[in-house]
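[1] Sequence first, then the predicted structure, then my questions.
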Amino acid sequence: MAAPSLGSDMFDEIVMAEDRFHGEGYQEGYAEGSHAGAAEGRRCGALHGAKIGSEIGSYLGFALTWQHLLPKCTDEKNSKKMRALDSLIGMIQKFPYEDPTYEKLQDDLEKIRGKFKQCKREDL
């Protein structure tokens with residue numbers, strides 16, 4: 001009676017081999033895909049972060065340059081320009097560079113972009 005049991009175990013192994021290999025292949029593929037996805041995510045995040053940093057850096061450079069170039073006159077026109085520049089600089093300084101999980105990151109970035117456009121319209 002031991003022989004049929006041994007034969008059926010061998011038969012089960014052959015029949016179940018496809019399922020076993022499918023499961024093993026899935027696990028290996030999942031692990032490899034997770035690793036590759038994490039690496040791609042880090043690369044993409046670093047690239048996007050660098051673009052945002054470069055954009056904000058150019059806005060800050062623009063604002064600081066014009067802040068130093070504008071005459072220190074107290075007339076209304078220059079005063080309005082200086083307030084807009086000071087506001088832009090303040091928004092940039094408060095921007096959360098180190099916290100990518102900040103909920104209002106995109107909102108704050110859009111506000112900075114809007115303030116920059118306002119400064120450009122001030123005929124600087």
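    Arrived safely.

[2] average pLDDT for stretch 88-97?
    Averaged across stretch 88-97, the pLDDT comes to 92.

[3] Quick test: name the residue nearest the centre of the chain.
    Of all residues in the chain, the one closest to the mean position by Cα atoms, centre = their mean is residue 45, 4.4 Å from it.

[4] what about that one, which SS state?
    helix (DSSP: H, G, I helix; E, B strand; the rest coil).

[5] roughly how far apart are it and residue 37?
    12 Å (Cβ to Cβ, to the nearest Å). For glycine as for every other residue, the C-beta is placed from the backbone atoms N, C-alpha and C.

[6] Same question for residue 15.
    Using Cβ to Cβ, residue 15 is found at 34 Å from residue 37.

[7] follow-up on the earlier one: overlap in contacts, residue 45 and residue 37.
    Counting by Cβ atoms under 8 Å, 6 or more residues apart in numbering, no residue touches both residue 45 and residue 37.

[8] for the helix or strand that contains residue 86, the distance to its chain's centre please.
    Assigned by DSSP states H and E, residue 86 belongs to helix 76-94. Taking Cα atoms, centre = their mean, to the nearest Å, one finds the center of helix 76-94 at 27 Å from the center of the full chain.

[9] got a list of contacts for that helix?
    Residues from elsewhere that reach helix 76-94 (Cβ under 8 Å, 6+ apart): 56, 59-60, 63-64, 66-67, 70-71, 108, 111-112, 115-116, 118-119, 122, 124.

[10] and if you look at stretch 45-54?
    By Cβ under 8 Å, 6+ apart, the surrounding residues in contact with stretch 45-54 are 97, 100, 109.

[11] Ramachandran angles for residue 97?
    phi -60, psi -40 (degrees, to the nearest 10).

[12] Run through this structure and note the low-pLDDT ranges.
    1-8, 73-74, 123-124 (pLDDT under 70).

[13] mind listing the helices in it by residue range?
    Here the chain has its helices, by DSSP state H, at 2-69, 76-94, 105-121.

[14] Packing partners of the shortest one?
    Meaning helix 105-121. Helix 105-121 is packed against helix 2-69, helix 76-94, with contacts defined by 3 or more Cβ pairs under 8 Å, 6 or more residues apart in numbering; DSSP states H and E.
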